[in-house]
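S.K.: Structure here, sequence nowhere to be found:
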């Protein structure tokens, strides 16, 4: 039995610059934008580390991130749910905000989250704007688009393990939601791209491909704990780091791995080296970011400043 990607389109979902905010601003979203710009201004003027460095750039589009003012300044953080999925909550300017990842499959228009504060429940609305991602038509060797029965069986075994990882929600909040580049190299705009391989449609690309050389070191993009490592059919040698509250990063196609599940890692600590393991047509790092069980654009989280090699931690 052989499956092509039209038949097995869901298989591609395993793996493998911040847009402007084209949306009508309500009172709450206008407040968030005002605080955001004020914090950026203070940070630039004072040179101090502020929330501008600790939060992703907001872009309320499919595959993007929205920062939602919860209108609350209670001592304890409220619980926020998108459907049944917990949403990351942070404090900003003495108010609680929800940082929500928006699925690539989301329909533009009104959306909402459920907010629980003690015994009280309420809904907070936000708006998802439209974004059109680029399309790519690629011609590759059939071995990269056709799956044998043996390949499918392997994938199905690995899918359960990976899906369990995506469900992880640790209560410890992340130190920061701004990330350092995990490897030097050209960062592509491949996230969200609609690809066809040999005329067969695939699901949108769920990460950023960073061009690099075999053997280049790959670093953790932020503090966290190694959630999972392993060799997978599509992803090859893979490391998943849990940064807290449903905020995960994924590093794929590695040559080797220098960490194990359970290891505590610091930002810029080495995880392994660039390779071309798994279904990879050339050496690169597939880097992905998950927030509330949703793949979101890594470009919204990456710091623009270059990281000096001396700040990297080697093992």
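M.R.: Great, that's in hand. Treat the numbers as computed from the prediction; the structure is a model and nothing was measured.
S.K.: Setting aside sequence neighbours, what's the nearest residue to residue 145?
M.R.: residue 197 (4.5 Å; Cβ to Cβ, 6 or more residues apart in numbering). C-beta: built from backbone N, CA, C; applies to glycine.
S.K.: just residue 66 next, same as before
M.R.: Nearest to residue 66 is residue 60, by Cβ to Cβ, 6+ apart, at 4.0 Å.
S.K.: and if you look at residue 256?
M.R.: Leaving aside its sequence neighbours, residue 256 sits nearest to residue 272 (Cβ to Cβ, 6+ apart; 5.2 Å).
S.K.: ok, the one you found to residue 257 distance?
M.R.: 4 Å (Cβ to Cβ, to the nearest Å).
S.K.: Now for those two: what residues contact both?
M.R.: Residues touching both residue 272 and residue 257 (Cβ atoms under 8 Å, 6 or more residues apart in numbering) are 237, 239.
S.K.: I believe residue 162 is in a strand; please confirm or correct that.
M.R.: No: looking at residue 162 with DSSP: H, G, I helix; E, B strand; the rest coil, it is helix, so not inside a strand.
S.K.: ok, it to residue 272 distance?
M.R.: 18 Å.
S.K.: Residue 299 in helix, strand or coil?
M.R.: helix.
S.K.: Test my guess that it contacts residue 187.
M.R.: Yes: taking Cβ atoms under 8 Å as the definition, residue 299 is a contact partner of residue 187 at 7.1 Å.
S.K.: what about the residue nearest to residue 66, neighbour count?
M.R.: The tally of other residues near residue 60 (other Cβ atoms under 10 Å) stands at 24.
S.K.: From residue 129, how far off is it?
M.R.: Relative to residue 129, and taking Cβ to Cβ, residue 60 is found at 6 Å.
S.K.: try residue 282
M.R.: 34 Å.
S.K.: Please apply the same query to residue 275.
M.R.: Distance, residue 275 to residue 129, using Cβ to Cβ: 37 Å.
S.K.: between the two, who's got more neighbours?
M.R.: Taking other Cβ under 10 Å, residue 275 and residue 129 do not tie; residue 275 has more neighbours (23 against 19).
S.K.: Okay, the more buried one and residue 237: tell me how far apart.
M.R.: Computed as Cβ to Cβ, the residue 275 to residue 237 distance reads 6 Å.
S.K.: overlap in contacts of the two?
M.R.: 253, 254, 255, 256.
S.K.: Most neighbours among those residues, which one is it?
M.R.: residue 253 (27 neighbours).
S.K.: OK, contacts around the nearest residue to residue 103 once chain neighbours are set aside?
M.R.: Spatial nearest neighbour of residue 103, excluding adjacent residues (Cβ to Cβ, 6+ apart): residue 294 at 4.9 Å. Taking Cβ under 8 Å, 6+ apart, we find residue 294 in contact with 101, 102, 103.
S.K.: circling back to that earlier point, isn't the residue nearest to residue 256 right up against residue 260?
M.R.: No: using Cβ under 8 Å as the test, residue 272 is too far from residue 260 to be in contact (11.3 Å).
S.K.: who has more neighbours, these two?
M.R.: Neighbours were counted for residue 272 and for residue 260 using other Cβ under 10 Å; residue 272 has more, 21 against 10.
S.K.: tell me the SS of the more buried one?
M.R.: strand.
S.K.: okay, it: pLDDT?
M.R.: pLDDT, residue 272: 98.
S.K.: Run through the bridge partners of it.
M.R.: Beta bridges link residue 272 to residue 218, residue 257 when assigned by DSSP bridges.
S.K.: Roughly how far does it sit from residue 102?
M.R.: Distance from residue 272 to residue 102, by Cβ to Cβ: 30 Å.
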